[in-house]
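Novice: A predicted structure for the sequence below; I have some questions about it.
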Number of protein chains: 2
Amino acid sequence: MRRGKIWRQANPTNPAFTPETSPFFHLSRLTGLYHLRMDAHLKPIGMDVPRWRVLNILYEHECAPISTIADLAVIRMPTMTKLIYRMEGEGLVSTRVSAKDGRVTEVSLTEKGHAGVDQVRVKAGLIFERAFHDIEDGEIEAFMKIMKKVYDNIY
Amino acid sequence: MRRGKIWRQANPTNPAFTPETSPFFHLSRLTGLYHLRMDAHLKPIGMDVPRWRVLNILYEHECAPISTIADLAVIRMPTMTKLIYRMEGEGLVSTRVSAKDGRVTEVSLTEKGHAGVDQVRVKAGLIFERAFHDIEDGEIEAFMKIMKKVYDNIY
DNA sequence: AAAAATAAGTTGAAATATCCACTATTGCGT
DNA sequence: ACGCAATAGTGGATATTTCAACTTATTTTT
């Protein structure tokens, strides 16, 4: 076990632990603020963060089962099922039962869904720019590397 | 404007953008997974992540108005108000109107709330250990520095 | 000292998310 | 082929979050 200064304070079991020294506390806080900012931009165009997550995933996958989308977005399946059908009602995605496997519901983007992605990316770009304008490329790279590592560790 | 490899792909307005190259997408995903793992540990002891955020903040502040807690936790005030009163009903916190300012409701930890913090920290410690065991102290430090910077940028 | 503006909180209705139990379909082992 | 386990999804009851409008208290203007 290491004995560094950070390690000690970052571990919640240590008495010296505070939210200020906790990576996960900062993580939750930053994500919360990001969602707040995104929502402010997305609301006026009838969109929100969960929808955007789905659109982004489908933009890449073209056609994916609900379970895969739920897994990639880290949203529980019952929640995702309902979100997908809401989005279908809004014309953003279309669904159909898979020909290969009668259990799976395949979801794909509609024309309107594609347009929605482009529309939201402009907004997302603004926030990204604001958030990372003074962060070096190398730092962003390192940042993402750690997030991936931690994600895999608790996956 | 910079032209690095990461920058281009990380910006949502760039056609080469994918969730895989987006810091914010990874951020949301990691936070989601973390909440999932925490919930699994917290549910059996009648706790959850929002409650834990509040407990942690009060552990530091001893006595804070709802608005401050809401701000620190990045949770909207109506949500926080209801959460606080739920927690009061559960005996975790106590509330009273401030003597100095009749508008503010001061919240503080009860005995049971303190015990709850200690109890949850054990669980949080397990997940922290699992998540960061192979991450260097220096990396954690850099990680948190970037999160703070980004947080301030979009605050 | 009002009047106006701001800040803190509260509440009810509506939107969402979550739990849990259930169905339908497929895969696996013998 | 048969039965059992696993997978994908659905549906209802419940819990939580959010919006929008409102109340009350304080601060700032004029």
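Specialist: Alright, I've got the coordinates. All values reported here derive from a predicted model rather than from experimental measurement.

Novice: which one's the longest helix in chain A?
Specialist: Longest helix in chain A by number of residues (criterion: DSSP state H): helix A:111-132.

Novice: nearest residue to residue A:34 other than its sequence neighbours?
Specialist: Counting by C-beta to C-beta, 6 or more residues apart in numbering or on different chains, residue B:24 is the residue found nearest to residue A:34 once chain neighbours are left out, at 5.8 Å. Heads up, the C-betas are built off the backbone N, CA and C, glycines and all.

Novice: same check on residue A:94?
Specialist: Residue A:94 sits nearest to residue A:110 (C-beta to C-beta, 6+ apart), 5.4 Å away.

Novice: in contact with whatever residue of chain A ends up closest to DNA strand D, which residues?
Specialist: Scanning chain A for the residue nearest DNA strand D gives residue A:67, at 2.9 Å (criterion: C-beta to the nearest atom of the strand). Contacts of residue A:67 were listed using C-beta atoms under 8 Å, 6 or more residues apart in numbering or on different chains, and they are A:77, A:104.

Novice: is it in a helix, a strand, or coil?
Specialist: The assignment at residue A:67 comes out as helix when based on DSSP: H, G, I helix; E, B strand; the rest coil.

Novice: distance of residue A:143 from DNA strand C?
Specialist: As defined by C-beta to the nearest atom of the strand, to the nearest Å, residue A:143 lies at a distance of 25 Å from DNA strand C.

Novice: host element of the residue nearest to that residue when sequence neighbours are not counted?
Specialist: Once flanking residues are discounted, residue A:143 sits nearest to residue B:146: 4.9 Å by C-beta to C-beta, 6+ apart. Following DSSP states H and E, one finds residue B:146 within helix B:137-154.

Novice: give me the contacts around that helix.
Specialist: Contact with helix B:137-154 is made by A:2, A:4-7, A:10, A:23, A:26-27, A:29-30, A:33-34, A:37, A:127, A:130-135, A:139-140, A:142-143, A:146, B:132, B:135, as judged by C-beta under 8 Å, 6+ apart.

Novice: ok, of these, which come out buried?
Specialist: Of all the contacts of helix B:137-154 considered here, the ones buried according to neighbour count by 16 or more other C-beta atoms under 10 Å in any protein chain shown are A:6-7, A:10, A:23, A:26-27, A:29-30, A:33-34, A:37, A:127, A:131-132, A:135, A:139-140, A:143, A:146, B:132, B:135.

Novice: phi first, then psi, for whichever residue of chain A sits closest to DNA strand C.
Specialist: Of all residues in chain A, residue A:102 sits closest to DNA strand C, with a separation of 2.8 Å (C-beta to the nearest atom of the strand). Backbone dihedrals for residue A:102, given as degrees, to the nearest 10, come out at phi -60, psi -10.

Novice: find me the pLDDT at it, would you?
Specialist: As summarised for this prediction, residue A:102 has a pLDDT of 95.

Novice: repeat that for residue A:16.
Specialist: At residue A:16, the model reports a pLDDT of 81.

Novice: now swap in residue A:8 and tell me
Specialist: Turning to residue A:8, the model gives it a pLDDT of 60.

Novice: now stretch A:109-129: average pLDDT?
Specialist: Stretch A:109-129 shows a mean pLDDT of 93.

Novice: residues in contact with that stretch?
Specialist: For stretch A:109-129, the surrounding residues in contact (C-beta under 8 Å, 6+ apart) are A:34, A:37-38, A:41-42, A:45, A:47, A:51-52, A:55-56, A:58-59, A:62, A:87, A:91-94, B:10-13, B:17, B:22-24, B:154.

Novice: out of the residues you listed, list just those in helices.
Specialist: A:34, A:37-38, A:41-42, A:51-52, A:55-56, A:58-59, A:87, B:10, B:23-24, B:154.

Novice: point out the least confident one among these.
Specialist: Scanning those for pLDDT, the smallest score is found at residue B:10, 81.

Novice: that one: what's it in contact with?
Specialist: Here residue B:10 is in contact with A:128, A:132, A:140, B:17, B:21-23 (criterion: C-beta under 8 Å, 6+ apart).

Novice: helix or strand for residue A:107, which one?
Specialist: Since the elements are taken from DSSP H and E, residue A:107 ends up inside strand A:105-109.

Novice: angle of that strand against helix A:111-132?
Specialist: Taking axes from the mean of the first three to the mean of the last three C-alpha atoms, to 10 degrees, strand A:105-109 and helix A:111-132 form an angle of 70 degrees between their directions.
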